[in-house]
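>>> for reference, the sequence and a predicted model appear below.
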Amino acid sequence: MNRALERAFTPARLGQLALRNRVIKSATFEGMTPDGVPGEQLLAFHKRIAEGGTAMTTIAYCAAEPDGRVSDQMTYMGEPHRAALERIVAELKTTGAAVSGQLSHCGGFSKNRKLVRLKRPLGPSRQLNMLGLPHGMPLSGAMSHQDMDALVRVFHDAAGFMKAVGFDAIELHFGHGYGLSQFISPRTNRRSDEYGGSLANRMRLPRRVMEAVRDAVGDGFPVLGKMSMCDGVSGGIGWDEGVEVAAHLDAMGVDAIITSGGTSSFNPMLMFRGDSLIHGLIEAETNPVARLGMRLVGPKLFREYPYQELYFLDGARRVRDRVKCPVVYIGGCSTMESLETLMADGFEFVQLGRALIKDPDFVRRAMGDRHYVNGCIHCNRCAGMIEAPGGIRCPLNDPAALAAA
(Lines give C-alpha, C1' and ligand atoms only; values in the text may rest on other atoms or scores of the structure.)
Protein backbone atom coordinates (compact mmCIF):
# COMPACT_ATOMS: atom_id res chain seq x y z
CA MET A 1 0.00 0.00 0.00
CA ASN A 2 1.48 3.36 -1.02
CA ARG A 3 1.91 6.25 1.34
CA ALA A 4 -1.08 8.30 0.13
CA LEU A 5 -3.51 5.42 0.52
CA GLU A 6 -1.98 4.39 3.83
CA ARG A 7 -2.71 7.89 5.13
CA ALA A 8 -6.45 7.16 4.93
CA PHE A 9 -6.07 4.50 7.60
CA THR A 10 -3.76 6.31 9.99
CA PRO A 11 -4.99 8.00 13.20
CA ALA A 12 -6.02 11.65 12.93
CA ARG A 13 -7.49 14.38 15.08
CA LEU A 14 -10.66 16.36 14.50
CA GLY A 15 -10.08 19.29 16.78
CA GLN A 16 -9.40 17.62 20.12
CA LEU A 17 -11.11 14.37 19.11
CA ALA A 18 -8.80 11.46 18.29
CA LEU A 19 -10.01 9.25 15.44
CA ARG A 20 -8.55 5.88 14.49
CA ASN A 21 -8.49 6.73 10.76
CA ARG A 22 -9.80 9.31 8.30
CA VAL A 23 -12.97 7.57 7.06
CA ILE A 24 -16.29 8.88 8.44
CA LYS A 25 -19.76 7.49 7.85
CA SER A 26 -21.83 10.29 6.32
CA ALA A 27 -25.20 11.31 7.70
CA THR A 28 -27.77 9.39 5.66
CA PHE A 29 -31.24 9.31 7.24
CA GLU A 30 -31.68 5.70 8.29
CA GLY A 31 -35.48 5.44 8.48
CA MET A 32 -34.97 3.46 11.69
CA THR A 33 -36.70 5.64 14.28
CA PRO A 34 -40.37 4.57 14.07
CA ASP A 35 -42.58 7.26 15.60
CA GLY A 36 -39.35 9.17 16.22
CA VAL A 37 -37.99 6.70 18.77
CA PRO A 38 -34.32 5.59 18.45
CA GLY A 39 -33.92 1.92 19.32
CA GLU A 40 -32.32 -1.42 18.52
CA GLN A 41 -32.57 -1.15 14.76
CA LEU A 42 -30.75 2.17 14.67
CA LEU A 43 -28.09 0.81 17.03
CA ALA A 44 -27.55 -2.34 14.96
CA PHE A 45 -27.16 -0.34 11.74
CA HIS A 46 -24.47 1.94 13.12
CA LYS A 47 -22.76 -0.72 15.19
CA ARG A 48 -22.21 -2.85 12.11
CA ILE A 49 -20.48 0.09 10.41
CA ALA A 50 -18.46 0.93 13.52
CA GLU A 51 -17.32 -2.68 13.84
CA GLY A 52 -16.14 -2.53 10.24
CA GLY A 53 -13.42 -0.06 11.17
CA THR A 54 -14.95 3.31 10.32
CA ALA A 55 -13.44 6.09 12.42
CA MET A 56 -16.70 7.88 13.21
CA THR A 57 -20.31 7.09 12.38
CA THR A 58 -22.90 9.84 12.05
CA ILE A 59 -26.46 9.42 13.25
CA ALA A 60 -28.97 11.30 11.11
CA TYR A 61 -31.34 13.14 11.08
CA CYS A 62 -31.13 14.57 14.61
CA ALA A 63 -33.76 17.31 14.60
CA ALA A 64 -33.18 20.22 16.95
CA GLU A 65 -36.82 20.02 18.16
CA PRO A 66 -40.00 18.08 17.33
CA ASP A 67 -41.05 20.79 14.84
CA GLY A 68 -37.66 20.54 13.13
CA ARG A 69 -38.40 17.11 11.72
CA VAL A 70 -39.10 16.61 8.02
CA SER A 71 -41.46 13.81 9.07
CA ASP A 72 -42.72 12.54 12.40
CA GLN A 73 -40.69 9.37 11.88
CA MET A 74 -37.48 11.27 12.57
CA THR A 75 -36.07 11.61 16.05
CA TYR A 76 -35.34 14.85 17.84
CA MET A 77 -32.88 15.87 20.51
CA GLY A 78 -34.91 16.10 23.71
CA GLU A 79 -35.62 14.51 27.05
CA PRO A 80 -37.99 11.76 25.85
CA HIS A 81 -35.04 10.21 24.00
CA ARG A 82 -32.27 10.79 26.54
CA ALA A 83 -32.02 7.24 27.91
CA ALA A 84 -32.22 5.61 24.47
CA LEU A 85 -29.55 7.86 22.97
CA GLU A 86 -27.24 7.49 25.96
CA ARG A 87 -27.40 3.73 25.57
CA ILE A 88 -26.94 3.76 21.77
CA VAL A 89 -24.00 6.14 21.82
CA ALA A 90 -22.28 4.28 24.68
CA GLU A 91 -22.68 0.94 22.91
CA LEU A 92 -21.31 2.30 19.64
CA LYS A 93 -18.24 3.64 21.42
CA THR A 94 -17.34 0.14 22.63
CA THR A 95 -16.28 -0.62 19.05
CA GLY A 96 -13.56 2.02 19.12
CA ALA A 97 -15.44 4.34 16.78
CA ALA A 98 -16.46 7.90 17.62
CA VAL A 99 -20.09 8.96 17.28
CA SER A 100 -21.39 12.14 15.67
CA GLY A 101 -24.95 13.36 15.29
CA GLN A 102 -26.25 15.49 12.43
CA LEU A 103 -28.06 18.40 14.07
CA SER A 104 -30.59 19.94 11.72
CA HIS A 105 -33.93 21.69 11.33
CA CYS A 106 -36.33 21.37 8.42
CA GLY A 107 -37.35 25.02 8.36
CA GLY A 108 -40.13 25.41 5.81
CA PHE A 109 -39.54 22.04 4.10
CA SER A 110 -41.63 19.51 5.99
CA LYS A 111 -44.49 17.02 5.89
CA ASN A 112 -44.57 16.67 9.68
CA ARG A 113 -48.09 17.34 10.95
CA LYS A 114 -47.23 16.64 14.60
CA LEU A 115 -46.09 20.15 15.42
CA VAL A 116 -45.59 21.25 19.03
CA ARG A 117 -44.22 24.78 19.14
CA LEU A 118 -45.37 26.03 15.74
CA LYS A 119 -48.66 26.06 13.85
CA ARG A 120 -46.99 25.37 10.50
CA PRO A 121 -43.46 25.03 9.09
CA LEU A 122 -41.54 28.31 8.94
CA GLY A 123 -38.64 29.37 6.76
CA PRO A 124 -37.00 32.67 5.86
CA SER A 125 -39.80 33.59 3.43
CA ARG A 126 -43.33 32.49 2.67
CA GLN A 127 -43.19 29.88 -0.09
CA LEU A 128 -44.55 26.67 -1.53
CA ASN A 129 -43.83 23.64 0.65
CA MET A 130 -43.66 20.95 -2.03
CA LEU A 131 -43.02 18.15 0.44
CA GLY A 132 -46.05 19.13 2.50
CA LEU A 133 -48.36 19.63 -0.47
CA PRO A 134 -49.86 16.09 -0.48
CA HIS A 135 -50.19 16.24 3.32
CA GLY A 136 -52.28 19.41 3.56
CA MET A 137 -49.39 21.81 4.26
CA PRO A 138 -48.89 23.54 0.88
CA LEU A 139 -47.25 26.69 2.22
CA SER A 140 -44.56 27.50 4.75
CA GLY A 141 -44.63 30.80 6.59
CA ALA A 142 -41.95 33.45 7.06
CA MET A 143 -40.12 33.64 10.39
CA SER A 144 -40.44 36.74 12.51
CA HIS A 145 -37.48 38.01 14.52
CA GLN A 146 -39.03 36.34 17.55
CA ASP A 147 -39.22 33.05 15.63
CA MET A 148 -35.54 33.32 14.77
CA ASP A 149 -34.62 34.05 18.37
CA ALA A 150 -36.56 30.94 19.40
CA LEU A 151 -34.81 28.85 16.74
CA VAL A 152 -31.39 29.92 18.03
CA ARG A 153 -32.39 28.82 21.54
CA VAL A 154 -33.65 25.51 20.15
CA PHE A 155 -30.28 24.79 18.53
CA HIS A 156 -28.45 25.81 21.70
CA ASP A 157 -30.46 23.45 23.86
CA ALA A 158 -30.27 20.58 21.37
CA ALA A 159 -26.48 20.88 21.09
CA GLY A 160 -26.08 20.85 24.86
CA PHE A 161 -28.33 17.80 25.03
CA MET A 162 -26.25 15.97 22.41
CA LYS A 163 -23.03 16.57 24.29
CA ALA A 164 -24.69 15.46 27.53
CA VAL A 165 -25.88 12.12 26.11
CA GLY A 166 -22.37 11.28 24.92
CA PHE A 167 -21.99 12.31 21.27
CA ASP A 168 -18.34 12.96 20.39
CA ALA A 169 -19.11 15.56 17.73
CA ILE A 170 -21.95 17.46 16.09
CA GLU A 171 -22.44 17.82 12.37
CA LEU A 172 -24.37 21.07 11.98
CA HIS A 173 -26.39 21.00 8.76
CA PHE A 174 -26.04 24.19 6.71
CA GLY A 175 -26.91 22.53 3.39
CA HIS A 176 -29.27 20.49 1.23
CA GLY A 177 -32.19 22.91 1.40
CA TYR A 178 -32.96 22.44 5.09
CA GLY A 179 -33.64 25.23 7.57
CA LEU A 180 -30.28 26.99 7.78
CA SER A 181 -29.64 26.41 4.08
CA GLN A 182 -32.95 28.13 3.33
CA PHE A 183 -31.53 31.31 4.85
CA ILE A 184 -28.22 30.96 3.00
CA SER A 185 -29.74 30.42 -0.45
CA PRO A 186 -31.16 33.44 -2.33
CA ARG A 187 -33.65 31.05 -3.96
CA THR A 188 -35.48 30.57 -0.66
CA ASN A 189 -34.44 33.71 1.23
CA ARG A 190 -36.26 36.71 -0.21
CA ARG A 191 -36.19 38.82 2.95
CA SER A 192 -35.60 42.56 2.76
CA ASP A 193 -34.41 42.99 6.35
CA GLU A 194 -30.98 42.36 7.86
CA TYR A 195 -31.42 38.61 7.36
CA GLY A 196 -31.77 38.83 3.56
CA GLY A 197 -30.05 40.28 0.53
CA SER A 198 -26.25 40.09 0.70
CA LEU A 199 -24.46 36.86 1.56
CA ALA A 200 -23.33 38.40 4.86
CA ASN A 201 -26.96 39.07 5.74
CA ARG A 202 -28.11 35.63 4.62
CA MET A 203 -25.43 34.08 6.82
CA ARG A 204 -26.59 36.10 9.85
CA LEU A 205 -28.95 33.48 11.29
CA PRO A 206 -26.60 30.54 10.56
CA ARG A 207 -23.87 32.51 12.34
CA ARG A 208 -26.10 33.07 15.37
CA VAL A 209 -26.93 29.36 15.42
CA MET A 210 -23.27 28.41 15.24
CA GLU A 211 -22.45 30.79 18.08
CA ALA A 212 -25.26 29.28 20.17
CA VAL A 213 -24.07 25.73 19.47
CA ARG A 214 -20.51 26.66 20.38
CA ASP A 215 -21.71 28.29 23.58
CA ALA A 216 -23.57 25.10 24.48
CA VAL A 217 -20.75 22.61 23.80
CA GLY A 218 -17.59 24.64 24.48
CA ASP A 219 -14.47 25.28 22.46
CA GLY A 220 -13.04 21.78 22.73
CA PHE A 221 -16.05 19.95 21.29
CA PRO A 222 -15.89 19.29 17.52
CA VAL A 223 -18.55 20.95 15.38
CA LEU A 224 -18.49 20.10 11.69
CA GLY A 225 -20.41 22.20 9.18
CA LYS A 226 -22.06 20.46 6.24
CA MET A 227 -22.74 22.79 3.32
CA SER A 228 -23.97 22.80 -0.25
CA MET A 229 -21.28 24.17 -2.54
CA CYS A 230 -23.97 24.58 -5.21
CA ASP A 231 -27.76 24.32 -4.96
CA GLY A 232 -28.10 23.19 -8.55
CA VAL A 233 -31.19 25.31 -9.13
CA SER A 234 -31.84 28.65 -10.80
CA GLY A 235 -31.52 31.52 -8.35
CA GLY A 236 -29.73 29.43 -5.75
CA ILE A 237 -26.16 29.21 -4.52
CA GLY A 238 -23.70 28.76 -7.38
CA TRP A 239 -20.17 27.34 -7.24
CA ASP A 240 -18.49 30.73 -6.83
CA GLU A 241 -20.74 31.90 -4.00
CA GLY A 242 -20.45 28.46 -2.44
CA VAL A 243 -16.75 29.07 -1.87
CA GLU A 244 -17.63 32.23 0.02
CA VAL A 245 -20.23 30.38 2.09
CA ALA A 246 -17.39 28.06 3.13
CA ALA A 247 -15.26 31.06 4.07
CA HIS A 248 -18.07 32.30 6.33
CA LEU A 249 -18.35 28.90 8.01
CA ASP A 250 -14.61 28.86 8.53
CA ALA A 251 -14.74 32.31 10.13
CA MET A 252 -17.58 31.12 12.38
CA GLY A 253 -15.23 28.58 13.92
CA VAL A 254 -16.40 25.21 12.60
CA ASP A 255 -13.79 22.50 13.18
CA ALA A 256 -14.21 21.10 9.66
CA ILE A 257 -16.29 21.73 6.56
CA ILE A 258 -18.09 18.93 4.69
CA THR A 259 -18.31 19.94 1.04
CA SER A 260 -21.56 18.54 -0.33
CA GLY A 261 -24.02 19.97 -2.86
CA GLY A 262 -27.59 19.96 -4.08
CA THR A 263 -30.87 20.43 -2.25
CA SER A 264 -33.40 17.86 -1.07
CA SER A 265 -36.20 20.28 -1.98
CA PHE A 266 -35.15 21.26 -5.52
CA ASN A 267 -32.36 19.10 -6.90
CA PRO A 268 -31.37 16.08 -4.79
CA MET A 269 -29.74 14.23 -7.69
CA LEU A 270 -26.89 16.75 -7.74
CA MET A 271 -25.71 15.22 -4.46
CA PHE A 272 -26.41 11.58 -5.36
CA ARG A 273 -25.62 11.08 -9.08
CA GLY A 274 -26.39 7.80 -10.77
CA ASP A 275 -29.84 6.25 -11.13
CA SER A 276 -32.84 8.41 -10.22
CA LEU A 277 -34.16 8.36 -6.68
CA ILE A 278 -37.75 8.53 -7.88
CA HIS A 279 -38.10 4.79 -8.54
CA GLY A 280 -37.29 3.76 -4.99
CA LEU A 281 -39.34 6.58 -3.48
CA ILE A 282 -42.42 5.61 -5.46
CA GLU A 283 -41.97 2.00 -4.38
CA ALA A 284 -41.81 3.00 -0.71
CA GLU A 285 -44.59 5.62 -0.69
CA THR A 286 -47.89 4.35 0.79
CA ASN A 287 -49.91 7.56 0.37
CA PRO A 288 -51.62 7.34 -3.05
CA VAL A 289 -51.82 11.12 -3.43
CA ALA A 290 -48.11 11.48 -2.65
CA ARG A 291 -47.31 8.63 -5.03
CA LEU A 292 -49.24 10.33 -7.83
CA GLY A 293 -47.45 13.59 -7.10
CA MET A 294 -44.08 11.86 -7.31
CA ARG A 295 -44.98 10.40 -10.70
CA LEU A 296 -46.02 13.82 -11.98
CA VAL A 297 -43.14 15.94 -10.65
CA GLY A 298 -40.46 13.26 -10.50
CA PRO A 299 -39.00 13.89 -13.96
CA LYS A 300 -38.57 17.59 -13.14
CA LEU A 301 -37.38 17.19 -9.55
CA PHE A 302 -35.03 14.27 -10.15
CA ARG A 303 -32.74 15.38 -12.92
CA GLU A 304 -30.30 13.12 -14.73
CA TYR A 305 -26.69 13.20 -13.49
CA PRO A 306 -24.64 10.19 -14.61
CA TYR A 307 -22.47 8.86 -11.82
CA GLN A 308 -18.75 9.46 -11.85
CA GLU A 309 -16.19 9.04 -9.10
CA LEU A 310 -15.24 12.14 -7.10
CA TYR A 311 -17.91 14.28 -8.74
CA PHE A 312 -17.47 17.10 -6.19
CA LEU A 313 -13.68 17.14 -6.34
CA ASP A 314 -13.21 20.41 -8.27
CA GLY A 315 -15.52 22.33 -5.94
CA ALA A 316 -14.03 20.75 -2.84
CA ARG A 317 -10.54 21.72 -3.96
CA ARG A 318 -11.66 25.34 -4.30
CA VAL A 319 -13.07 25.29 -0.78
CA ARG A 320 -9.95 23.61 0.58
CA ASP A 321 -7.81 26.36 -0.92
CA ARG A 322 -10.07 29.08 0.50
CA VAL A 323 -10.39 28.01 4.14
CA LYS A 324 -8.06 27.31 7.04
CA CYS A 325 -10.04 24.55 8.75
CA PRO A 326 -9.90 20.91 7.60
CA VAL A 327 -12.11 19.86 4.70
CA VAL A 328 -14.04 16.60 4.72
CA TYR A 329 -14.62 15.33 1.19
CA ILE A 330 -17.94 13.74 0.26
CA GLY A 331 -19.29 12.81 -3.15
CA GLY A 332 -18.52 9.65 -5.08
CA CYS A 333 -15.68 7.88 -3.37
CA SER A 334 -16.17 4.14 -3.64
CA THR A 335 -12.88 2.89 -5.08
CA MET A 336 -9.40 2.55 -3.69
CA GLU A 337 -8.14 4.80 -6.48
CA SER A 338 -10.52 7.58 -5.41
CA LEU A 339 -9.52 7.25 -1.79
CA GLU A 340 -5.87 7.46 -2.79
CA THR A 341 -6.55 10.58 -4.88
CA LEU A 342 -8.22 12.35 -1.96
CA MET A 343 -5.43 11.51 0.46
CA ALA A 344 -2.75 12.55 -2.02
CA ASP A 345 -4.68 15.80 -2.57
CA GLY A 346 -4.45 16.64 1.11
CA PHE A 347 -8.05 16.26 2.25
CA GLU A 348 -8.07 15.50 5.95
CA PHE A 349 -11.09 13.20 6.01
CA VAL A 350 -13.56 11.53 3.64
CA GLN A 351 -17.21 10.77 4.29
CA LEU A 352 -18.74 7.66 2.73
CA GLY A 353 -22.45 6.90 2.49
CA ARG A 354 -23.60 4.38 -0.10
CA ALA A 355 -20.27 2.56 -0.09
CA LEU A 356 -20.64 1.81 3.64
CA ILE A 357 -24.29 0.84 3.25
CA LYS A 358 -23.18 -1.66 0.62
CA ASP A 359 -20.28 -2.93 2.72
CA PRO A 360 -20.00 -1.91 6.38
CA ASP A 361 -16.56 -3.59 6.40
CA PHE A 362 -15.18 -1.16 3.81
CA VAL A 363 -12.38 0.13 6.04
CA ARG A 364 -11.33 -3.24 7.43
CA ARG A 365 -11.26 -4.84 3.99
CA ALA A 366 -9.59 -1.90 2.27
CA MET A 367 -6.84 -1.85 4.89
CA GLY A 368 -6.02 -5.47 4.08
CA ASP A 369 -6.46 -5.43 0.31
CA ARG A 370 -5.05 -2.75 -1.99
CA HIS A 371 -7.35 -4.13 -4.73
CA TYR A 372 -10.55 -4.18 -2.68
CA VAL A 373 -13.71 -3.63 -4.77
CA ASN A 374 -16.70 -2.20 -2.94
CA GLY A 375 -19.54 -3.31 -5.22
CA CYS A 376 -21.86 -0.28 -4.96
CA ILE A 377 -23.48 0.32 -8.37
CA HIS A 378 -24.98 3.72 -7.43
CA CYS A 379 -28.53 2.60 -8.16
CA ASN A 380 -29.67 4.83 -5.27
CA ARG A 381 -32.44 2.44 -4.28
CA CYS A 382 -30.99 2.44 -0.76
CA ALA A 383 -32.04 6.07 -0.40
CA GLY A 384 -35.53 5.25 -1.61
CA MET A 385 -35.95 2.80 1.25
CA ILE A 386 -35.71 5.31 4.09
CA GLU A 387 -39.48 5.24 4.58
CA ALA A 388 -39.93 1.57 3.74
CA PRO A 389 -40.27 -1.08 6.47
CA GLY A 390 -36.80 -1.84 7.79
CA GLY A 391 -35.29 1.45 6.69
CA ILE A 392 -32.25 2.08 4.53
CA ARG A 393 -30.31 -0.88 3.18
CA CYS A 394 -28.51 -2.02 0.05
CA PRO A 395 -30.81 -4.05 -2.22
CA LEU A 396 -27.77 -5.91 -3.56
CA ASN A 397 -27.32 -7.30 -0.05
CA ASP A 398 -31.04 -8.08 0.30
CA PRO A 399 -32.32 -10.71 -2.15
CA ALA A 400 -35.96 -10.10 -1.16
CA ALA A 401 -35.71 -6.39 -1.86
CA LEU A 402 -33.91 -7.04 -5.15
CA ALA A 403 -36.57 -9.52 -6.26
CA ALA A 404 -39.31 -6.98 -5.52
CA ALA A 405 -37.71 -4.32 -7.71
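Arrived safely.
>>> could you list every residue that touches Gly132?
109-111, 121, 138, 140 (CB atoms under 8 Å, 6 or more residues apart in numbering). Every residue, glycine included, has its C-beta placed from N, CA and C.
>>> and the residues you listed, which of them are buried?
109-111, 121, 140 (16 or more other CB atoms under 10 Å).
>>> which of those sit farthest apart?
Lys111 and Ser140 (11.2 Å; CB to CB).
>>> can you give me the helices for the stretch 101-250 of the chain?
145-165, 179-184, 199-202, 204-217, 239-252 (DSSP state H, counting those that start in this stretch).
>>> nearest to Ala290, of those helices?
helix 179-184 (21.8 Å).
>>> return the distance of that closest one from the chain's centre.
14 Å (CA atoms, centre = their mean, to the nearest Å).
>>> quick one: contacts of it?
In contact with helix 179-184 (CB under 8 Å, 6+ apart) are residues 68, 104-109, 123-124, 151, 172-175, 188-189, 195, 199, 202-206, 209, 227-228, 237, 245, 263.
>>> in strands, which of the residues you listed fall?
104, 123, 172-173, 227-228 (DSSP state E).
>>> need the residues you listed in JSON lines with pLDDT, can you?
Below are the ones in strands among the contacts of helix 179-184 laid out as JSON lines (pLDDT from 0 to 100):
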{"residue": "Ser104", "pLDDT": "98"}
{"residue": "Gly123", "pLDDT": "97"}
{"residue": "Leu172", "pLDDT": "98"}
{"residue": "His173", "pLDDT": "98"}
{"residue": "Met227", "pLDDT": "98"}
{"residue": "Ser228", "pLDDT": "98"}
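>>> nearest to Ala44 among the residues you listed?
Nearest member of the ones in strands among the contacts of helix 179-184 to Ala44, counting by CB to CB, is Ser104, at 22.9 Å.
>>> tell me, how many residues neighbour the closest one?
Counted with other CB atoms under 10 Å, the neighbours of Ser104 add up to 30.
>>> cool, the one 3 residues further on as well?
A count of neighbours around Gly107, defined by other CB under 10 Å, yields 25.
>>> shouldn't Leu342 be in contact with Leu352?
No - the pair Leu342 / Leu352 is not scored as a contact, 10.8 Å apart, by CB atoms under 8 Å.
>>> shared neighbours, those two?
The contact lists of Leu342 and Leu352 share Cys333, where a contact means CB under 8 Å, 6+ apart.
>>> between the two, who's got more neighbours?
Leu352 (26 against 23).
>>> for Arg393, see how far away that one is.
In this view, Leu352 and Arg393 are 16 Å apart by CB to CB, to the nearest Å.
>>> repeat for Phe362
Distance from Phe362 to Arg393, by CB to CB: 15 Å.
>>> so the two - more neighbours on which side?
With neighbours defined as other CB under 10 Å, Phe362 and Arg393 compare such that Phe362 has more, 25 against 20.
>>> check the more buried one and give its pLDDT.
pLDDT, Phe362: 98.
>>> what's near enough to touch it?
23, 52-54, 352, 355-356, 372, 374.
>>> if you set the cut-off to 7 Å instead, what comes out?
Contacts for Phe362 (CB atoms under 7 Å, 6 or more residues apart in numbering) come out as 52, 352, 355-356, 374.
>>> quick revisit: now render the contacts of Gly132 as a markdown table, adding pLDDT and distance to Tyr76.
Listed next are these as a markdown table, based on pLDDT from 0 to 100; distance: CB to CB, whole Å:
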| residue | pLDDT | distance to Tyr76 |
| --- | --- | --- |
| Phe109 | 92 | 16 |
| Ser110 | 92 | 13 |
| Lys111 | 91 | 15 |
| Pro121 | 94 | 14 |
| Pro138 | 84 | 24 |
| Ser140 | 92 | 19 |
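>>> mind putting the residues you listed into JSON lines with distance to Met252?
Listed next are the contacts of Gly132 as JSON lines, based on distance: CB to CB, whole Å:
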{"residue": "Phe109", "distance to Met252": "23"}
{"residue": "Ser110", "distance to Met252": "25"}
{"residue": "Lys111", "distance to Met252": "30"}
{"residue": "Pro121", "distance to Met252": "25"}
{"residue": "Pro138", "distance to Met252": "34"}
{"residue": "Ser140", "distance to Met252": "25"}
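>>> contact partners for the closest residue to Phe167 other than its chain neighbours?
Take Phe167 and drop its neighbours on the chain: the residue closest to it by CB to CB, 6 or more residues apart in numbering is Gly101, 4.8 Å away. For Gly101, the contact set (CB under 7 Å, 6+ apart) comprises 58-59, 62, 162, 167, 170-171.
>>> how about 10 Å then?
27, 57-62, 75, 77, 85, 89, 158-159, 161-163, 165-172 (CB atoms under 10 Å, 6 or more residues apart in numbering).
>>> any idea how far Thr33 is from it?
On the measure of CB to CB, Gly101 and Thr33 end up 12 Å apart.
>>> so what sits against both of these two?
59, 61-62, 75.
>>> pick the most buried one from the helices of the stretch 101-250 of the chain.
Using mean count of other CB atoms under 10 Å, the stretch among the helices of the stretch 101-250 of the chain with the largest mean neighbour count is helix 179-184, at a mean of 28.
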